[in-house]
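S.K.: Give me a model of this one.
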Amino acid sequence: MKAAVLVEVKQSLAIRAEPDPVATAGHAVVTLRAAALNHRDLWIQQGLYKDIKVPMILGSDGAGVVAAVGTASDDDWVGREVIINPALEWGRNPHAQGPNFRILGLPDPGTFAEQIVVPVANLAPKPAHLSWEAAAALPLTGLTAWRALFTRADLKTGERVLITGIGGGAALAALQFAVAAGAQVWVTSGSPEKLERARALGAAGGVNYHETDWSS
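M.R.: As a prediction, the model looks like this:
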């Protein structure tokens, strides 16, 4: 298969041939239709994470079609359109990750490739209304926003939420989740256009931090 590989830190990714992945027990091979770029990928490329080992296929987010599985009882997944959950082996404690927790793209091979092998437990059916690009862009920022709002903050209908830097992917996901949950959402940004867009998405209002002391 072809993949975008980080061969050296602080260098451009190289498009090159890599071995085709093989589905072992409990795992599936997914033929990717789209992958999404996150700041995490850029920071890894710049060498800002510890324990970076090259060569490495970057990419945490992706969506595609299941091509093969390693366990016969998982055969129903073959041919299905899926979104990949990039969080591997979180552990039993919902409040904090366990010692084996990791995210696709470092240290495990990521989604910037034609195919990837992931645990079947990390597959979710792709909603039919989402394009491949939208489905691929959802997991990492979406799960981050969901966890912050509902797992950690235990958000309830009618509560108020402040989201700073509304232009970011996780912030936009948090805005839409919080509005859907019936919260009153306020935002900050340095861009009038982003504040206007946030209001269109349901924010009650926003403050331009270049123009006023928003914290007051």
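
S.K.: tell me which strands and helices the longest helix that the chain contains is in contact with?
M.R.: Once the chain is assigned using DSSP state H, the helix that runs over the most residues is helix 169-180. Judged by 3 or more Cβ pairs under 8 Å, 6 or more residues apart in numbering; DSSP states H and E, helix 169-180 is in contact with helix 139-146, strand 160-163, strand 184-189. Using the backbone N, CA and C atoms, a C-beta is placed for each residue, glycine as well.

S.K.: just so I know, which of those lies nearest residue 211?
M.R.: For residue 211, the closest of these is strand 184-189, at 10.7 Å, according to Cβ to Cβ.

S.K.: Buried residues in the closest one, which are they?
M.R.: 185, 186, 187, 188, 189 (16 or more other Cβ atoms under 10 Å).

S.K.: and which of these is nearest residue 81?
M.R.: residue 185 (31.3 Å).

S.K.: residue contacts, the most centrally placed residue in the chain?
M.R.: In the chain, the residue lying closest to the centroid (Cα atoms, centre = their mean) is residue 140, at 1.6 Å. Residue 140 makes contacts with 36, 38, 40, 60, 61, 86, 103, as judged by Cβ atoms under 8 Å, 6 or more residues apart in numbering.

S.K.: Any chance of TSV for these, columns distance to residue 117?
M.R.: Formatted as TSV, those follow (distance: Cβ to Cβ, whole Å):
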residue	distance to residue 117
36	19
38	20
40	20
60	15
61	16
86	13
103	15
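
S.K.: Max pairwise distance over those: which two?
M.R.: Distance extremes for these: the farthest pair is 36 and 103 at 13.1 Å, using Cβ to Cβ.

S.K.: From residue 130, how far off is residue 76?
M.R.: 21 Å (Cβ to Cβ, to the nearest Å).

S.K.: can you confirm residue 76 is in a strand?
M.R.: No: under DSSP: H, G, I helix; E, B strand; the rest coil, residue 76 falls outside any strand and is assigned helix.

S.K.: any idea how far it is from residue 127?
M.R.: To residue 127, residue 76 is 18 Å away according to Cβ to Cβ.

S.K.: and stretch 54-63, which residues are buried?
M.R.: Across stretch 54-63, burial judged by 16+ other Cβ under 10 Å covers 56, 57, 58, 59, 60, 61, 62, 63.

S.K.: Now do that stretch, average pLDDT.
M.R.: In this model, stretch 54-63 has an average pLDDT of 97.

S.K.: Then stretch 66-82?
M.R.: With pLDDT averaged residue by residue, stretch 66-82 scores 97.

S.K.: so how far is the first residue of that stretch from its last?
M.R.: One end of stretch 66-82 to the other measures 7 Å (Cα to Cα, to the nearest Å).

S.K.: Which residues outside that stretch are in contact with it?
M.R.: For stretch 66-82, using Cβ under 8 Å, 6+ apart, the contacting residues are 22-31, 63-65, 115, 120, 123-126.

S.K.: what's near enough to touch residue 210?
M.R.: If you count contacts by Cβ under 8 Å, 6+ apart, then residue 210 has residue 190 around it.
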